[in-house]
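Engineer: got a sequence here, can you model it:
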Amino acid sequence: MNQGMTFWGWIALVLGWGTILGFSLYCMTRVVFGKKKVHAAVVGPGVQRERWATRIGLVLAMAGNAIGLGNFLRFPVKAAQNGGGAFLIPYFCALIFMGVPLMWVEWAIGRHGGAHGHSSTPGMFHVMWKHPAAKYIGSFGIFIPFAIAIYYLFIMSWTLGYAFFSATSKYFGITSSESMNAFLKGFQGVESNQYFSNILPVLIFLAICLALNYMFLSRGIAKGIEVLAKYGMPLLFIFGIALVIRVLTLGTPDPSHPDWNVANGMGFIWNPDLSQLTRANVWLVAAGQIFFTLSLGQGMIHTYASYVREQDDITLNGLATSSVNEFAEVILGGTIAIPVAVAFFGLTQTQEIANGGAFNLGFVSLPLIFQKIPLGQLFGFMWFGLLFIAGITTSVAFLQPLVAFLMDEFKLTRKKAVNTIFGLVTLCILFVVFFFKYGVLDELDFWAGTLGIVLFGLLEVIVFSWIFGIKKGWQEMHKGADIKVPRFFKFVFKYITPAYILVILVVWTIQDAVGTFLMKKGKVVSFATDELEMASRPYRWAARVLFLLIIIAVVAMVRNIWKKREAGTEAVKP
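Structural biologist: Residues are numbered from 1 along each chain as shown. Below is the predicted model of the structure:
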C-alpha cells in the first residue's frame with residue numbers, strides 16, 4: 001500500500017500519457033498548421049447556412065462539447081475502483097473499437113445532414129433512410145440532450161457557486177467531511193442549516209448560468225458558441241495544467257503520515273491490478289466511461305458537424321476531438337483529484353471517498369484540501385472554474401440541437417428559437433431544483449443520460465453502417481479527408497462497434513434498468529433513510545413523466561412537420 005509508483009505503474013503511465021500526448025500533438029498541429037481549404041458556404045440556390053468561422057474554433061467547440069464534469073470526477077473514480085493502470089487496457093480498447101468509430105459516424109451523419117439543409121438529427125436520419133421510422137430515431141438526438149440539460153445546468157450552477165465560495169473563502173474554516181457535506185446540502189437546497197437558510201443562493205447562480213447560456217446561444221455558431229470555445233477551452237487547460245503542477249509538487253504534506261503522499265496517490269491510479277481484467281464489469285465500466293466522456297449518442301456532435309462544409313475534413317477533426325478530450329480526462333483528470341486526496345487523507349479514506357461518488361470527491365473532499373495548501377483560495381477557484389468552463393461548453397451543446405430543429409424545420413429566427421427553449425428549460429429545471437433531494441436528478445440521468453444515449457448510439461451505428469451502407473458511409477466520411485482511416489475500420493463499424501454497444505445496453509438493462517424501474521433499494525438512486533426513499537417515489541415517477549412528456553412533445557413536433565411537408569409535396573404534384 002505504501003509502494004508509490006511500481007515499475008508497471010510507470011509503464012502504464014508512460015504508455016497512456018505518451019499515446020495521448022502523441023495523438024493530441026499530431027492532430028492539433030495538423031489542425032492549426034494544415035493546408036487551408038476554402039469551399040462555398042451555400043446549400044442549394046440562395047440558402048445561406050451558419051458556419052464555423054475557423055477550424056480551430058470548430059475542434060475546440062467539439063472538444064468543449066465532449067469535455068465535461070465526468071472527465072475530472074468520474075474517470076479518476078472509475079479508474080481507481082477498477083484496476084488502476086490495468087483499467088486503461090479495456091479503456092483504450094473501448095476508445096479504439098467503439099469511441100472513435102462512433103465519433104466518426106456522428107461527424108459523418110452531421111455533415112451529410114448539413115449538406116442537405118438539416119442541423120438536427122430527425123432530418124439527418126430521414127435523408128439517410130427514406131423510411132417513416134428514420135425521423136423518429138432521429139428524435140433521440142433532440143429529446144435526450146434537452147432532458148440532460150435540465151439537470152446538467154443545475155449541477156453547473158454548483159461549480160460556479162463553489163468557484164465564488166473559493167475566491168471569497170466562504171467554506172474556509174469548515175474542517176470535517178460531515179460539516180462540508182452539510183454545507184453542500186444547504187447550498188443545493190436539500191436542507192436548511194447554519195450555512196444556508198434557504199435555496200436562494202443556488203437559484204442566483206443558476207440564473208447566471210442560464211443567462212450565460214442564453215447569451216452564447218443567441219449569438220449563433222461563429223459569434224457565440226465558437227467564441228466561447230476559443231477563449232474558454234485554453235483557459236480550462238491553463239487551470240488544469242496549473243493544478244496538475246501543484247498536485248505533483250505537493251510531496252508529503254503531513255510528515256506524521258509519511259505514506260500519505262502524491263507518489264502513493266499516483267500509484268493508486270496507475271499501478272495495474274491485472275486480476276481485475278478477469279472481471280467482466282471492469283470492461284463494461286470502461287466502455288461506459290468512453291461513451292460518456294466523448295458525448296456520444298446525444299445529438300450534439302451531429303448538430304455541430306452539420307455546420308461543416310461538405311468538402312471539409314471530418315476524419316482528422318474527429319480524431320483531434322477525441323485526442324483533446326483524452327488529454328483532459330486521462331492526463332489532467334487522472335492527476336488531480338485522486339492523487340491529492342491520497343496525499344491529504346491516505347489510501348484507505350480515499351477509497352471510501354471514491355466509493356462515495358464523484359460529487360463527494362469534488363464538492364466535499366477537495367474543498368477541505370484547498371484550506372490546507374498555500375493559495376488555497378486561488379487553487380479552489382481554478383478547480384471549480386475549470387469545472388464550470390467544462391460545464392458551460394457542454395451545456396450550450398445540449399441546447400443547440402433543439403435550437404437548430406426549431407430554426408430549420410419551423411423556420412423560427414434564432415432569437416425566437418432560443419427564447420422558446422429557455423422558457424421551457426427554466427420551468428423544467430425548477431422541478432429538478434425544488435425536488436432534488438428526492439432523487440429526480442439521478443432518475444433523469446439514468447433514463448436519458450445513461451440508457452437513452454446508449455440506445456441511440458446503437459441505432460445510429462446500425463442505420464449508418466447497415467442501412468445507409470458502409471460503402472456510402474465510407475465515401476461520405478472521406479470527402480475532403482486530411483487522413484485516411486484504415487480500411488479495417490469498415491469491419492469495426494459494421495460489427496465490433498454495434499456489438500460493443502449492444503453488450504453495454506443489454507447488461508445495463510439487466511443489472512440496473514429493471515431494478516430502477518421497480519425502484520428497488522440501492523438501484524441508481526441511494527437515500528440516507530428508508531423513510532426518504534419511500535417519500536421519493538412520487539417525485540421519481542414525476543421525473544419519469546416529465547421525460548416521457550419531453551419525448552412525446554418532440555415526437556409530435558417531428559410528426560407534425562413531416563405531415564405538413566408531405567402534404568405540401570402532394571399539393572405541388574401535377
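
Engineer: quick one: the strands in this protein?
Structural biologist: Here the chain has no strands by DSSP state E.

Engineer: count the neighbours of residue 136 for me.
Structural biologist: Using other CB atoms under 10 Å, residue 136 is surrounded by 17 other residues. In short, each C-beta sits where N, CA and C put it, glycine included.

Engineer: I'd assumed residue 556 was in contact with it.
Structural biologist: No: using CB atoms under 8 Å, residue 136 is not in contact with residue 556, being 10.8 Å away.

Engineer: for the stretch 151-300 of the chain, what are the low-confidence residue spans?
Structural biologist: Applying pLDDT under 70 to the stretch 151-300 of the chain picks out no residues at all.

Engineer: now do the helices in it.
Structural biologist: Counting by DSSP state H, counting those that start in this stretch, the segments of the stretch 151-300 of the chain that form helices are 177-188, 200-218, 220, 226-248, 262-270, 280-293, 300-305.

Engineer: can I get those in TSV including distance to residue 440 and mean neighbour count?
Structural biologist: Output for the helices of the stretch 151-300 of the chain, formatted as TSV (distance: least, CB to CB, whole Å; neighbours: other CB atoms under 10 Å):
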stretch	distance to residue 440	mean neighbour count
helix 177-188	12	19
helix 200-218	15	18
helix 220	33	17
helix 226-248	29	18
helix 262-270	33	25
helix 280-293	20	21
helix 300-305	23	29
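
Engineer: compare those helices and give me the one nearest residue 60.
Structural biologist: helix 226-248 (4.1 Å; CB to CB).

Engineer: coming back round to it: right, and the helices of the stretch 151-300 of the chain - which one's nearest residue 126?
Structural biologist: helix 300-305 (12.9 Å).

Engineer: which helices and strands does the closest one pack with?
Structural biologist: helix 55-66, helix 100-115, helix 121-128, helix 140-167, helix 376-410 (3 or more CB pairs under 8 Å, 6 or more residues apart in numbering; DSSP states H and E).

Engineer: try it again at 7 Å.
Structural biologist: The contact analysis (3 or more CB pairs under 7 Å, 6 or more residues apart in numbering; DSSP states H and E) places helix 300-305 against helix 55-66, helix 100-115, helix 376-410.

Engineer: and the last one, what's buried?
Structural biologist: In other words, helix 376-410. 376-377, 379-409 (16 or more other CB atoms under 10 Å).

Engineer: okay, the nearest residue to residue 346 once chain neighbours are set aside and residue 407: tell me how far apart.
Structural biologist: Spatial nearest neighbour of residue 346, excluding adjacent residues (CB to CB, 6 or more residues apart in numbering): residue 260 at 4.7 Å. For residue 260, the distance to residue 407 equals 55 Å [CB to CB, to the nearest Å].

Engineer: number of nearby residues for the spatially closest residue to residue 89 that is not a sequence neighbour?
Structural biologist: Spatially, and ignoring its direct neighbours in sequence, residue 89 is nearest to residue 277 (6.4 Å; CB to CB, 6+ apart). The burial count assigned to residue 277 is 16, neighbours taken as other CB under 10 Å.

Engineer: spit out the contact partners of residue 277.
Structural biologist: If a contact means CB atoms under 7 Å, 6 or more residues apart in numbering, then residue 277 has 83, 86, 89 as its contacts.

Engineer: what sits against the nearest residue to residue 206 once chain neighbours are set aside?
Structural biologist: Nearest in space to residue 206, with sequence neighbours left out and distances taken as CB to CB, 6+ apart, is residue 157 at 4.0 Å. Residue 157 makes contact with 202, 205-206, 209 under the criterion CB under 7 Å, 6+ apart.

Engineer: just put these in TSV and tack on distance to residue 233.
Structural biologist: Compiled in TSV, the contacts of residue 157 are given as follows (distance: CB to CB, whole Å):
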residue	distance to residue 233
202	26
205	22
206	23
209	18
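
Engineer: which one among these gets closest to residue 12?
Structural biologist: Among the contacts of residue 157, and counting by CB to CB, the member closest to residue 12 is residue 209, at 37.4 Å.

Engineer: these two touch, right, that closest one and residue 160?
Structural biologist: Yes: the criterion here is CB atoms under 7 Å, and residue 209 meets it with residue 160 at 6.0 Å.

Engineer: what about stretch 254-262, start to end distance?
Structural biologist: Across stretch 254-262, the terminal residues are separated by 11 Å (CA to CA, to the nearest Å).

Engineer: for that stretch, buried residues please.
Structural biologist: 260-262.

Engineer: and these as a markdown table, adding distance to residue 546?
Structural biologist: Shown next, in a markdown table, are those (distance: CB to CB, whole Å):
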| residue | distance to residue 546 |
| --- | --- |
| 260 | 45 |
| 261 | 47 |
| 262 | 44 |
